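*Asks:* sequence below, structure please.
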Amino acid sequence: MKITIAHSPDADDAFMFYALANSKIDTDDIAVEHKLCDIQTLNEAAETGKYEVTAISYHAYPTVQDKYAMMTTGGSFGEKDYGPMIVKRPETAEINTVAVPGTKTTAFLLLKLWNPDIDYKVIPFDQIIDAVLEKEVDAGLIIHEGQLMLEQYDLEMVQNFGSWWHELYKLPLPLGGNAVRRDLAPALQKKLARWIHASIQFGLEHREKALEYALKFARDLPYKKADQFVGMYVNERTLHLGDAGKKGVQTLLNLGYEKGLILNRANLDWVNY
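*Replies:* You can find the predicted model right below:
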């Protein structure tokens, strides 16, 4: 039997899946294939149930909840001092158009909760900083390691959504998680969650080796910055989101639904390991 696990080609996901991708976890007689795609592509693929296990934005979950349940392990959360952010050039006085990494991303939902009327342009996440620097847009909504490189690019932060969210709700900011297809047997769903949990735990316990592997996906981020970035998004809450994490997810999706930004009310089912 073969199972495909789809996730993004980013340093934090690479760190999480280091053990699974390098045969450090016993997967019995099941072959595990890793499919790497950007998060917007994964959100769209989930609408057809393409992969047995896939990373998705929490914003995308209500659209695919008939096909997938969420795992309690493998989630990414912003905290009170970090999360997706809007950045601009220092000389930009007025923001009319913001580059966004996709309309199914949680970052986009946060942007529209913050300012429902703001105009936007969809640009691949790894091209957003260049679009800002080249004056294609007034500002950019960044979701990955660019958050740590503002000084290098001489960009200014307009809004840090991790801080904004925490100030309002005193909860961790849910960004994305691992979804498992509902047509798999419950025992298999649980087994897959257990493997992912074990892979994250292995990476945290063998940090140097896992980080060395993750650096291949860090898009030239220096070692110390890559270590910082991984630490932000792979930690104890990644092992298990806990009650606060669950409450954060439900709060975010309820807000999106109440504001008319999400069409379906989220009915969250959690698969534990």
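
*Asks:* helices of the stretch 101-250 of the chain, residue ranges please.
*Replies:* For the stretch 101-250 of the chain, the helices defined by DSSP state H, counting those that start in this stretch occupy 106-114, 128-133, 150-153, 161-169, 186-205, 207-214, 223-233, 236-239, 242-258.

*Asks:* the domain parsing of this structure - what is it?
*Replies:* The chain is divided into the following domains under automatic domain parsing: 2-77+174-271, 85-169.

*Asks:* okay if I get these as JSON lines plus mean pLDDT?
*Replies:* JSON lines is the format used below for these (pLDDT from 0 to 100):
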{"stretch": "domain 2-77+174-271", "mean pLDDT": "96"}
{"stretch": "domain 85-169", "mean pLDDT": "94"}
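
*Asks:* thinking again about what came up before, make JSON lines out of the helices of the stretch 101-250 of the chain and add distance to Asp13.
*Replies:* C-betas here are computed from N, CA, C, even on glycine. Listed next are these as JSON lines, based on distance: least, CB to CB, whole Å:
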{"stretch": "helix 106-114", "distance to Asp13": "15"}
{"stretch": "helix 128-133", "distance to Asp13": "18"}
{"stretch": "helix 150-153", "distance to Asp13": "22"}
{"stretch": "helix 161-169", "distance to Asp13": "19"}
{"stretch": "helix 186-205", "distance to Asp13": "10"}
{"stretch": "helix 207-214", "distance to Asp13": "8"}
{"stretch": "helix 223-233", "distance to Asp13": "9"}
{"stretch": "helix 236-239", "distance to Asp13": "10"}
{"stretch": "helix 242-258", "distance to Asp13": "18"}
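
*Asks:* looking at the chain, which strand is longest?
*Replies:* Across the chain, the longest stretch assigned as strand under DSSP state E is strand 173-181.

*Asks:* which of the residues in that one are buried?
*Replies:* Neighbour-count burial for strand 173-181, counted by 16 or more other CB atoms under 10 Å, picks out 173-181.

*Asks:* measure the nearest residue to Gly248 once chain neighbours are set aside to Ser8 for me?
*Replies:* Take Gly248 and drop its neighbours on the chain: the residue closest to it by CB to CB, 6 or more residues apart in numbering is Leu171, 4.1 Å away. Taking CB to CB, to the nearest Å as the measure, Leu171 falls 24 Å from Ser8.
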